[in-house]
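Engineer: Test case, fold it:
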Amino acid sequence: MGARDFLTKPLDVAEVSLRVRNLLETRYLHLQQKNQNQILEERVRERTADLDRQFRRLSALRTIEIAISSSTDLWVTLRIIVEQVAAQLEADAVSILLYDPHLLTLEYAAGSGFRSRAIEGSRVRLGEGIAGRAILDRELIVVHDIREVKDFERANLLAEENFTCYWGAPLVSKGEIKGLLEIFHRHHRKEDSAWLDFLKALAGQSAIAIDNAQLFERLKRSNTELMLAYDSTIEGWSRAMDLRDRETEGHTRRVTEMTLELAQLAGMSDAELVHVRRGALLHDMGKLGIPDGILLKPGKLTDEEWEIMRQHPKFAFDMLSPIAYLKTALDIPYCHHEKWDGTGYPRGLKGEQIPLAARLFAVADVWDALTSDRPYRPAWTKEQALEYIREQSGRHFDPNAVELFLQATKESR
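Structural biologist: Numbers count the residues shown, from 1 in each chain. Have a look, this model is predicted:
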């Protein structure tokens, strides 16, 4: 059977030629369409990958931006930066060197991807090597083969890393150098303009994040130093009172320690204990307003003199209340002579009208006074003092404060 059996007879050569030509054209169009579809699909894949890459990079910048606004811990901020840079720039290793403006040096602060911890010994002077020059010139440095750089200042530290490519991006915020962001690759990488632009964007965001975290660290340190200065001033005032009235020297320190112990047993928070301590140290501050002739009188006071002496809690309030940071510490200086049954002074407060800190302090104050020698009487024995405090429960003292005191004294034996 041959081709002639499938063709109409008589054979029309022109018709056959036309049909063959149509078939070839259809085949060509089909192949052309297939090629175009493949090209289109490739472009779609490339565009999708590009959009995905841009999305991930924007997400990385957003992550660092969140760190700027929410993280106050410098080391957490550095860890976030290192993680994002390593992931988004597909870096083999990343390090951040922080700049010390006093020593004019860059020192290692954070990193990832290194085979050893040798990089942590990085310390580069301003203008020294490629890292130091990047900071001095405030320009991105790109080295495609650091093995050929003769003055690479940390070649010995990184000898086992087998790095080839290096990028050093200065971290600058508000015109001030904060450090250097370093990218390392173990194989040659040809970066495009988009990659370099993203590196610069990451460096910019990182510099802002580091600046904010360092600012918070400085504020926190300044606040701590200020609090220490405040407390030193308070302790100085307290010692001045003890020096003025040598009969009670050491009294303030002892009652402060005891009151803090009672406050802890009462469940006060650490923040509350700070105010309790300050108030206890300043409890007799008002006696600065009492004349020496009354305060240091060796014998008994007259009724008129007692009337003046009873004003010292009010004097303390008037002296200390204008000081903002001491307002929350006034409970003890102002109220430590109030009594549970309302017979105390200066305001005659009763029961829980008296602040808890002052109720606790009252027990410690009387205990220390009774068990200490005075010019007009010898110290009581501990048994006598304990018996008196038990008797005054519900009268002079808050019964709960007495129970805490008895618990504390029992545990200390």
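Engineer: Can you give the distance of the helix or strand harbouring residue 240 from its chain's centre?
Structural biologist: Assigned by DSSP states H and E, residue 240 belongs to helix 193-244. Helix 193-244 sits 9 Å away from the centroid of its parent chain (C-alpha atoms, centre = their mean, to the nearest Å).
Engineer: Which is the succeeding secondary structure element to that helix?
Structural biologist: Criterion used, DSSP H and E; the element after helix 193-244 is helix 251-265.
Engineer: For that next one, buried residues please.
Structural biologist: Of the residues in helix 251-265, 251-256, 258-265 count as buried by neighbour count, 16 or more other C-beta atoms under 10 Å. C-beta here means a position set from N, CA and C on the backbone, and glycine is covered the same way.
Engineer: do stretch 123-133 as well
Structural biologist: Those would be 123-124, 126, 128-133, for stretch 123-133 by 16+ other C-beta under 10 Å.
Engineer: ok, the nearest residue to residue 281 once chain neighbours are set aside - how many residues close by?
Structural biologist: Among residues not flanking residue 281 along the chain, residue 238 sits closest, at 4.4 Å (C-beta to C-beta, 6 or more residues apart in numbering). Residue 238 has 21 neighbours, counted by other C-beta atoms under 10 Å.
Engineer: Same question for the one 4 residues further on.
Structural biologist: Residue crowding around residue 242 was assessed by other C-beta under 10 Å; the count is 17.
Engineer: Just the pLDDT at it, thanks.
Structural biologist: Turning to residue 242, the model gives it a pLDDT of 74.
Engineer: wait, it sits on residue 252?
Structural biologist: Yes: contact criterion C-beta atoms under 8 Å: residue 242 and residue 252 qualify, at 5.8 Å.
Engineer: follow-up on the earlier one: okay if I get the buried residues of helix 251-265 as TSV plus pLDDT and distance to residue 340?
Structural biologist: Shown next, in TSV, are the buried residues of helix 251-265 (pLDDT from 0 to 100; distance: C-beta to C-beta, whole Å):
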residue	pLDDT	distance to residue 340
251	87	22
252	89	23
253	90	26
254	92	23
255	95	18
256	95	22
258	96	18
259	97	17
260	97	21
261	96	20
262	97	15
263	97	18
264	96	21
265	96	18
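Engineer: Output the residues you listed as TSV; include the columns distance to residue 290.
Structural biologist: Below are the buried residues of helix 251-265 laid out as TSV (distance: C-beta to C-beta, whole Å):
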residue	distance to residue 290
251	16
252	16
253	21
254	21
255	19
256	21
258	24
259	22
260	26
261	29
262	27
263	27
264	32
265	33
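Engineer: Could I get the phi/psi values of residue 117?
Structural biologist: phi -100, psi 10 (degrees, to the nearest 10).
Engineer: ditto for residue 99
Structural biologist: phi -90, psi 130.
Engineer: Provide the count of other residues in contact range of it.
Structural biologist: Count around residue 99 with other C-beta under 10 Å applied: 22.
Engineer: just for the stretch 301-413 of the chain, where's the confidence low?
Structural biologist: Applying pLDDT under 70 to the stretch 301-413 of the chain flags residues 375-376, 411-413.
Engineer: should've said the stretch 1-150 of the chain
Structural biologist: Using pLDDT under 70, the flagged stretches of the stretch 1-150 of the chain are 1-12, 44, 46-61, 63-64, 66-71.
Engineer: mind listing the helices in it by residue range?
Structural biologist: 13-70, 74-88, 129-137 (DSSP state H, counting those that start in this stretch).
Engineer: closest to residue 190 out of the ones you listed?
Structural biologist: helix 13-70 (16.1 Å; C-beta to C-beta).
Engineer: Looking at the buried residues of stretch 123-133, spot the one nearest residue 203.
Structural biologist: residue 131 (13.8 Å).
Engineer: Contacts only, for that closest one.
Structural biologist: Contacts for residue 131 (C-beta atoms under 8 Å, 6 or more residues apart in numbering) come out as 97, 106, 124, 141, 153-154, 168, 180, 182.
Engineer: With residue 108 instead?
Structural biologist: Contact analysis of residue 108 by C-beta under 8 Å, 6+ apart lists 95-97, 119-123.
Engineer: Likewise for residue 291?
Structural biologist: residue 308.
Engineer: Quick check: residue 125 vs residue 284, distance?
Structural biologist: 56 Å (C-beta to C-beta, to the nearest Å).
Engineer: I misspoke; the intended subject was residue 187.
Structural biologist: 75 Å.
Engineer: out of the two, which sits in the busier spot?
Structural biologist: residue 284 (27 against 9).
Engineer: quick one on the thing from earlier: I figured the residue nearest to residue 281 was touching residue 250, is that so?
Structural biologist: No: the pair residue 238 / residue 250 is not scored as a contact, 10.8 Å apart, by C-beta under 8 Å.
Engineer: can I see the domain layout of this protein?
Structural biologist: As recorded under automatic domain parsing, the domains making up the chain are 67-214, 245-412.
Engineer: Turn those domains into CSV, including distance to residue 225.
Structural biologist: Listed next are the domains of the chain as CSV, based on distance: least, C-beta to C-beta, whole Å:
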stretch, distance to residue 225
domain 67-214, 16
domain 245-412, 14
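Engineer: So for residue 38, which of those sits nearest?
Structural biologist: Closest among those, using C-beta to C-beta: domain 67-214, at 24.5 Å.
Engineer: for the closest one, the distance to its chain's centre please.
Structural biologist: 23 Å.
Engineer: go on, stretch 345-352?
Structural biologist: The mean C-alpha position of stretch 345-352 is separated from the chain mean by 42 Å, C-alpha atoms, centre = their mean.
Engineer: so how far does it reach from one end to the other?
Structural biologist: 15 Å (C-alpha to C-alpha, to the nearest Å).
Engineer: Going forward, count from 24.
Structural biologist: Shifting the count to begin at 24 puts that one at stretch 368-375.
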